[in-house]
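1. sequence first, then the predicted structure:
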Amino acid sequence: MLACTGYIVQEFFRFPGFLSPSSEIKFTDVPNGLAAATKVPAVGWFQYTIFCGICDLWLMHQVPTNPPGKLATRLFGEGATNYEYGFLGLPGYLGGKAIEDPEIKKKKLNAEIANGRLAMMAIIGMFFQDGLTGSAWGDWANYTESPLRAFESELGVQPPIGFWDPLGFTKTDDAASFRRRRYVELKHGRVAMFACLGYIVPEYFRWPGDLSPSLGLKFTDVPTGFAAFEKVPLSGWAQMVFFAGSVELFQYVDDPKRAPGDFANAGFLGVPNSYVKAPEGTKETKLAAEIANGRLAMMAIIGMFFQNGLTGMDQFGGMVEVAWGDWSLYTDSPLRALTPAQECIAGTGGPLPDMFWDPAGISSKKSKEEILELRAQELKHGRVAMLACIGWFHVAGGFHIIGDYAVGVHLDDNPLVSLTQMPMGGIWQVVFTIMCLEWLTTYICKPPAEKPWDILGWSDILIEDEKSIWNQFRKAELQELLKRTSAFGPLLCP
């Protein structure tokens, strides 16, 4: 966790002055990350080693009789020099005390272990990215030795993800193997697009007449989705298989001499033997769009399958007529059985007003007070994120009058860069303002216990019996909860 902090902080702040006056090395001369090993003098590494050794052997010693992680000093003296560390690692002489409540202590220790595991993964990721690209945050253009770069100019490499192969399938691929993967991807995408249309169109339109005159089966008798399996006769399935096989084997046959998915007898939009050609200069764009649409369709049809399978059955196990299902039919959902504590926020959080949304089950074992506190924290984070988005777009659009006035020059329009240009006094003013607001809403104007997110005190003004007023307030509350998600997105993609 300290290593991750060290990586991040140095991207935005360096100590002034010299790191080594004798070697004339300033703190600003030392690059961030692994490259620092080439700049820090040997005496600096020696100092690090001695300091870590002193901490490990004497200042932060693990006494065998203490629980793991509970550190103490091991100096030559009595209570004045030998002490244990308390909450947040504060030493005893500064008032550091262990947490007395066993449940809170267990919760915080578990959180520390979880954060430590996450930080271990994070720092290894930073090491890899630093070693491969020359920076902790990396620049893909600098990683010229990557085996993936051989295919980074192919179709399908498009924003916002770029070249995406997290499982490394293409690391050992040659051109022929990559071509086969692209051909398979295109075929799956095209089939998925047809499948999505097949799911959606029958919801609004059916062919008139008989599907099977011998069985007296009309097109309108066949339901959508999985339920169609029970209605379509065996001869119908044989016809579909025969048709798909004829297309695969005789009509649209792959030619190794042509691009993947480019069939000799298929013209524009796949019309067989079509003489219609794509407009000049648009072929690459349309092929890239097809790949993107196919990928989206593959995800969409899988989602439809899951939703149909989970909600498209009646209470007796039979298929219902609607492919999209009905959430009320999914009685086995673990999210439907609310605990008494969860009832306090039932009907909020959406995506629809009558839903309870907790896919990760965070609230399943929480008390009512803890759930209310989690909702208050969620709303606070959302409000901060919404304000941050407004501030981000404001600065990126070139409107930062207050910052320009404080510094005396026009700050950069990049929000991250402008943050480094702000004087420390201005940053501390922001921090102090936030602390004042937190102090006011925690001690002076504390919100109601039943609605800890109501920091403005609307509960004291609104008359909940007046349904028209209360419904409007509930609608606004739901809108605020939903907007928090969209507010986080731009902040995660700077």
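-> Great, that's in hand. Keep in mind it's a predicted model, so treat the numbers as computed, not measured. Residues are numbered from 1 along each chain as shown.
2. C-alpha only now, for contacts and for neighbours.
-> Noted.
3. let's see stretch 373-388 as CSV, backbone CA atoms only.
-> Extracted as CSV, the C-alpha positions of stretch 373-388 are listed here (Å, rounded to 0.1, in the frame of the first residue of the first chain):
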residue,chain,number,x,y,z
GLU,A,373,-25.2,4.5,6.3
LEU,A,374,-24.2,2.7,3.0
ARG,A,375,-27.0,4.5,1.2
ALA,A,376,-25.9,7.8,2.6
GLN,A,377,-22.3,7.0,1.5
GLU,A,378,-23.5,6.0,-2.0
LEU,A,379,-25.4,9.3,-2.4
LYS,A,380,-22.5,11.3,-1.1
HIS,A,381,-20.1,9.6,-3.5
GLY,A,382,-22.6,10.2,-6.3
ARG,A,383,-23.0,13.9,-5.4
VAL,A,384,-19.2,14.4,-5.3
ALA,A,385,-18.9,12.6,-8.6
MET,A,386,-21.6,14.8,-10.2
LEU,A,387,-19.9,17.9,-9.0
ALA,A,388,-16.5,16.6,-10.1
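4. contacts only, for Thr73.
-> 58-61, 81-84 (CA atoms under 8 Å, 6 or more residues apart in numbering).
5. again, only this time at 6 Å
-> Going by CA atoms under 6 Å, 6 or more residues apart in numbering, Thr73 touches 58-61, 82-83.
6. and Trp58, backbone torsions?
-> phi -130, psi -50 (degrees, to the nearest 10).
7. look up the closest residue to it, ignoring the ones flanking it.
-> Distances taken as CA to CA, 6 or more residues apart in numbering put Arg74 closest to Trp58, at 4.7 Å, once the chain neighbours are dropped.
8. three-state assignment of that neighbour?
-> coil (DSSP: H, G, I helix; E, B strand; the rest coil).
9. correct me, but it touches Met60?
-> No. Arg74 is beyond contact range of Met60, at 7.8 Å (criterion: CA atoms under 6 Å).
10. follow-up on the earlier one: can you give me the neighbour number for the residue nearest to Trp58?
-> By other CA atoms under 10 Å, 20 other residues sit near Arg74.
11. distance of it relative to Gly361?
-> 44 Å (CA to CA, to the nearest Å).
12. so where's the stretch 301-450 of the chain shaky on pLDDT?
-> 311-338, 346-355, 357, 359, 403, 405 (pLDDT under 70).
13. rerun at 50
-> Counting by pLDDT under 50, the ranges of the stretch 301-450 of the chain that qualify are 314-318, 335.
14. and what of the stretch 1-150 of the chain?
-> Counting by pLDDT under 50, the stretch 1-150 of the chain contains low-confidence ranges at 148.
15. what about the strands in it?
-> 18-20, 25-26, 61-62, 71-72 (DSSP state E, counting those that start in this stretch).
16. okay, the ones you listed, which one's buried deepest?
-> Comparing these by mean neighbour count (mean count of other CA atoms under 10 Å), strand 71-72 comes out on top with a mean of 20.
17. do you know the pLDDT at Gly267?
-> Gly267 is assigned a predicted lDDT (pLDDT) of 68.
18. same thing with Phe243?
-> Value listed for Phe243 in the pLDDT field: 91.
19. equivalent analysis for the one 10 residues further on, please.
-> Among the per-residue scores, Val253 holds a pLDDT of 81.
20. distance check, it against Arg180.
-> 13 Å.
21. neighbour count for the two, which is higher?
-> For the pair Val253 and Arg180, the greater number of neighbours falls to Val253 (16 against 13), based on other CA under 10 Å.
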